[in-house]
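Asker: Generate coordinates for the sequence data below:
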Amino acid sequence: MITVFPALKKSLLPIIGITASVLIGGGTFALPAIAAPAAADVAQFGMVDINKVLNESKSRTSVSSELQRTERSYTAILQRLAQGSARFLTDAEITELGTLYEKDKPTEAEQKRISQLEEKGDQQKREMTTLQNTPKPDEAQAARFSLLSDTYEKGGASLQQFNRSLSAKLQDKVRDAEQKALVAVRAAVAKVAKTKGLAVVFTGDIAIYATIDITDDVVKEVNK
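Answerer: Sure, this is the predicted structure:
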C-alpha cells in the first residue's frame with residue numbers, strides 16, 4: 001500500500017515566513033512580499049496545521065486513489081510476466097512485453113506483438129521441458145538445453161530489473177504528487193496570510209502559541 005505524502009510534513013517543519021520568503025526544507029522560495037507593519041503596529045503571527053490541511057484536501061483522495069490504481073496495475077503486470085513464460089525471453093523482449101502490458105488499450109499491432117512474444121516464451125518453455133525429459137540427449141540437444149537454461153536464468157534477473165524499474169516509476173509519481181501538494185499548500189498559506197496581514201506563519205508543531213489559527217482558511221483555499 002502506498003503512503004501518499006509521507007515526507008511532506010517533514011519538508012514543512014521550518015518556519016513559513018510570509019514577509020518575504022518561505023523557508024522550507026533548508027531552501028528559500030520567494031513569495032510576494034507583504035509590507036512590513038508600521039513601528040507602532042504589533043506584528044501578527046499565525047499558525048497552520050499542515051496535517052489537517054492535507055487530510056482535508058479534496059485532491060488528496062483522488063491522488064491517493066490514482067496512485068493505488070497505478071500500484072495495483074504494476075503488480076498485475078509483474079504477476080502476468082512471472083506466471084507466463086517471460087523468463088524464456090531476452091532482456092529487451094521482457095522489457096518490451098512489460099511495457100506493452102502497461103498499455104490500457106493496446107493497438108491491433110501492439111496486441112499482435114504481445115501474442116508473438118508470449119508464443120515465443122511458451123515455445124521455448126515447451127522445448128526446454130522436452131529436452132529435459134530426453135533420456136539420452138545428443139550433443140546438439142545438450143547444447144540447446146544449456147542455452148535455454150541460461151536464457152531462463154538471465155530472464156529471472158531481467159524480471160527483477162523490470163520490477164525495480166516499475167517501483168522507481170511509482171516512486172516518481174508519489175514524489176510528483178507530494179511536490180504538487182506542497183506547492184498548493186504553500187500558495188494557500190501565502191494568500192491567506194497576506195489577506196489577514198500576518199507577518200509570519202508557523203506550522204502547528206513549531207508554534208507554542210499563536211494568536212491566529214489560519215488552518216481552516218487554508219483548507220478552504222486549497223479546496224477552491
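Asker: in the protein, which ranges drop under the pLDDT threshold?
Answerer: 1-43, 207-210 (pLDDT under 70).
Asker: And the helices in it, which stretches?
Answerer: Taking DSSP state H, the helices of the chain run over residues 8-11, 50-55, 58-83, 91-102, 108-132, 139-196, 215-222.
Asker: counting contacts, what elements does the fifth one pack onto?
Answerer: To tie it back to what came earlier, the one meant is helix 108-132. With contacts taken as 3 or more Cβ pairs under 8 Å, 6 or more residues apart in numbering; DSSP states H and E, helix 108-132 sits against helix 91-102, helix 139-196. C-betas here are computed from N, CA, C, even on glycine.
Asker: Including distance to residue 85 and mean neighbour count, could the ones you listed go into a markdown table?
Answerer: Formatted as a markdown table, those follow (distance: least, Cβ to Cβ, whole Å; neighbours: other Cβ atoms under 10 Å):
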| stretch | distance to residue 85 | mean neighbour count |
| --- | --- | --- |
| helix 91-102 | 10 | 17 |
| helix 139-196 | 9 | 16 |
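Asker: Rebuild the helices of the chain as JSON lines, extending it with distance to residue 206.
Answerer: Below are those laid out as JSON lines (distance: least, Cβ to Cβ, whole Å):
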{"stretch": "helix 8-11", "distance to residue 206": "12"}
{"stretch": "helix 50-55", "distance to residue 206": "10"}
{"stretch": "helix 58-83", "distance to residue 206": "23"}
{"stretch": "helix 91-102", "distance to residue 206": "43"}
{"stretch": "helix 108-132", "distance to residue 206": "53"}
{"stretch": "helix 139-196", "distance to residue 206": "14"}
{"stretch": "helix 215-222", "distance to residue 206": "14"}
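Asker: about what we covered before: nearest to residue 78, out of the helices and strands packed on helix 108-132?
Answerer: helix 139-196 (5.6 Å; Cβ to Cβ).
Asker: what's the angle from the closest one to helix 58-83?
Answerer: Counting by axes from the mean of the first three to the mean of the last three Cα atoms, to 10 degrees, helix 139-196 lies at 180 degrees to helix 58-83.
Asker: Just give me how far helix 139-196 sits from the chain centre.
Answerer: 8 Å (Cα atoms, centre = their mean, to the nearest Å).
Asker: and residue 105, backbone torsions?
Answerer: phi -130, psi 80 (degrees, to the nearest 10).
Asker: Okay then, goodbye and thanks.
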